[in-house]
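> Requesting a structural model of the entry that follows:
(one chain, ligands or ions: 2)
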Amino acid sequence: VQAEIVTIGTELLLGEIVDTNSAWIAQAFTTIGLNLFYTTTVGDNLQRVTQVLRAALERSDVVVTTGGLGPTVDDMTRDAVAAATERGLVLNEELLAEISCFFAKHGRGMTDNNRKQAYVPEGATVIHNPVGTAPCFAVAWHGHLIISLPGVPHEMVYLMEHAVLPLLRERLGMQGIIKSRTIHTTGIGESAVDAQIGDLMQGDNPSVGTRAHPGQTDVVITAKADSEAQAEALISPVEQAIRARLGAVVYGADREQHAPAILSLLRERGLTLATVESATQGELAQELYIAAGGDPVYAAGLVIAESGGCPLGLGAEALGAAGLGSQQAADALAERARQVTGAYLGLAVVGPCAWKQGYAPLIYYCLATPEGLVRREPRTGREGPAGRGWLRHLALELVRRHLLGLEQI
Ligand code: ATP
Ligand code: MG
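Ligands and ions are numbered 1, 2, ... in the order given. Predicted coordinates for the structure are as follows:
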């Protein structure tokens, strides 16, 4: 079955807001086996919205729209759906009662444009919206279906989960369930993962695919079956084979994340960690702090600037001539962080902070432990969130591998 998404709103076209609704809905479609061939964004213009919806309905079985359901003049989705499906708009008494009730409850008077929201295309199925004021609806057109949802992301998500996905499942005669297992690896790129498990990725059920994130590659195993238990039985042997093949680069699955996984390891052993960072610009501390939720397992994090004088009371000579850009600096800072905070482990990820365009400096790592210093190869840092993501994962991996007695990468 072919599906299509239309997001409506001029601010999307102007780039003032990012269209996250499309991404969310696209992912949701894959979980119910709908094929998505087109996603369109259109501004608040009745003629253009109508044209886009008509074209979408003609070529796709299911069309989901978001935005433009509010009470104002620039909200014209209901008019456009009515025009595209060649119907009039009719007043829905039940919706009108709901809307007046909402205004009565909030002690506000209802205006004419609020009344407008009680109109839906003739023959539409109303989808009640308990998390907002914009009512939604589905309209059938020559065996095709168009469903209009609000633009506000949390309302859209609620309605997709509670009304639209169940409705589509039923309409598509979908029996059974789809279950996925996501295996998280770190410190290894997508192509390297692919090279190791390519032959295990050929199957249909379960299907196996990879997803690349900065510093993390996920392997997603998805099974279709009549029951949860049957799906698990399909996934389990493939998961074991993949884990056996990939070995130590696997740090967790599904909701497990790298930083929390490491904090759990520390907690189990009654150990604590402190960090010093420059290249990761505070993201390492933030990630660990949030994951620890105030638990002293994460003792402290210091973010230092390149010309920050004598961090942690260290003299310039302790860092060496290259400032933060040396292994000597990483070693000194990791050990010092441990001493100053009294944490069991001190982790440093440092390097020049003021990166020039096109200049990729080396970033140095060190983990100070009571038994001595643990290092990994310095790695070229890249600017931006993706670059910092890699550095963060590599720093965390130094700790994980040390705690588990695994060879450092
Ligand atoms: P309302 O009754 O709240 O006006 P609506 O259906 O008319 O609902 P819009 O006015 O189009 O929705 O959008 C409301 C807000 O939702 C926008 O200001 C924007 O912040 C957010 N939004 C709209 N469309 C999208 C989208 N495609 N992706 C992410 N956010 C969106
Ligand atoms: Mg609006």
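
> Report the mean confidence score over the helix or strand harbouring Ala274.
Taking DSSP states H and E as the criterion, Ala274 maps to strand 273-277. Mean per-residue pLDDT for strand 273-277: 97.

> do stretch 205-213 as well
The pLDDT scores in stretch 205-213 average 93.

> just stretch 123-138 next, same as before
90.

> do that stretch and ligand 2 meet?
No - against ligand 2, stretch 123-138 shows no contacts by CB under 5 Å from the ion, the least distance being 7.3 Å. Using the backbone N, CA and C atoms, a C-beta is placed for each residue, glycine as well.

> Contact residues of the protein facing ligand 1?
Listed as neighbours of ligand 1 in the chain under the rule CB under 6 Å from any ligand atom: 7, 9, 12, 17, 19-21, 66-70, 75, 133-134, 150-153.

> Just the buried residues from those, in ChimeraX please.
Here is the ChimeraX selection string for the buried members of the residues of the chain next to ligand 1, based on 16 or more other CB atoms under 10 Å:
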select :7,9,12,19,21,66,67,68,69,70,75,133,134,150,151,152
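
> show me the contacts for the residue lying closest to Ala322 once chain neighbours are set aside.
Once flanking residues are discounted, Ala322 sits nearest to Ala329: 7.0 Å by CB to CB, 6 or more residues apart in numbering. Neighbour list for Ala329: Leu319, Gly320, Ala322, Gly323, Ala348, Val350, Tyr364 [criterion: CB atoms under 8 Å, 6 or more residues apart in numbering].

> now swap in Lys224 and tell me
Residues in contact with Lys224 (CB under 8 Å, 6+ apart) are Gly33, Gly176, Ile177, Ile178, Asn205, Ala231.

> Next: Ala82.
Gly88, Leu89, Pro121, Glu122.

> Out of the residues you listed, name the ones that lie in helices.
Among these, DSSP state H puts none in helices.

> In a markdown table, list the residues you listed along with neighbour count and distance to ligand 2.
Below are these laid out as a markdown table (neighbours: other CB atoms under 10 Å; distance: CB to the ion, whole Å):
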| residue | neighbour count | distance to ligand 2 |
| --- | --- | --- |
| Gly88 | 10 | 23 |
| Leu89 | 17 | 17 |
| Pro121 | 24 | 18 |
| Glu122 | 13 | 23 |
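
> returning to what we had before: farthest pair within the contacts of Ala329?
Greatest spacing in those, by CB to CB: Ala322 and Ala348 (14.3 Å).

> The two: which has the busier surroundings?
Ala348 (33 against 14; other CB atoms under 10 Å).

> For that one, which three-state class applies?
Classification of Ala348 using DSSP: H, G, I helix; E, B strand; the rest coil returns strand.

> Let me see the contact set for the nearest residue to it once chain neighbours are set aside.
Spatially, and ignoring its direct neighbours in sequence, Ala348 is nearest to Ala334 (3.8 Å; CB to CB, 6+ apart). The neighbourhood of Ala334, defined by CB under 8 Å, 6+ apart, consists of Val276, Gly346, Leu347, Ala348, Cys366, Leu367, Ala368, Leu373.

> so where's this structure shaky on pLDDT?
307-308, 353-359 (pLDDT under 70).

> What parts of it come near ligand 2?
Gly70, Asp75.

> Let me know the outermost residue of the chain.
Seen from the C-alpha centroid of the chain, the residue lying at the greatest distance (CA atoms, centre = their mean) is Glu317, 43.4 Å away.

> isn't there a helix covering it?
Yes - counting by three-state DSSP, Glu317 is found in a helix.

> Give me the distance between it and ligand 1.
From Glu317 across to ligand 1, the span is 53 Å (CB to the nearest ligand atom, to the nearest Å).

> List the residues that contact that residue.
Per CB under 8 Å, 6+ apart, neighbours of Glu317: none.

> Repeat that for Arg87.
Arg87 neighbours (CB under 8 Å, 6+ apart): Pro121, Glu122, Gly123, Ala124, Val139.

> show me what contacts the first one?
When you say that, I think you mean Pro121. Pro121 touches Arg78, Val81, Ala82, Thr85, Arg87, Gly88, Leu89, Val90, Phe137, Val139, counting by CB under 8 Å, 6+ apart.

> thinking again about what came up before, if we take the contacts of Ala334, which one ends up nearest to Val249?
Using CB to CB, Leu367 is the member of those that lies nearest Val249, at 18.3 Å.

> tell me which residues form a beta bridge with that closest one?
Counting by DSSP bridges, Leu367 is bridged to Leu347, Val374.

> Against Ala337, how distant is it?
10 Å (CB to CB, to the nearest Å).

> and what of Ile188?
According to CB to CB, Ile188 and Ala337 sit 28 Å apart.

> And these two? Which one has more around it.
Ala337 (27 against 18).

> Wait, that one touches Ala368, no?
Yes - look at Ala337 against Ala368 with CB atoms under 8 Å: they come within range, at 7.2 Å.

> Now do the shared contacts for these two.
Counting by CB under 8 Å, 6+ apart, the common neighbours of Ala337 and Ala368 are Gly346, Leu347, Ala348.
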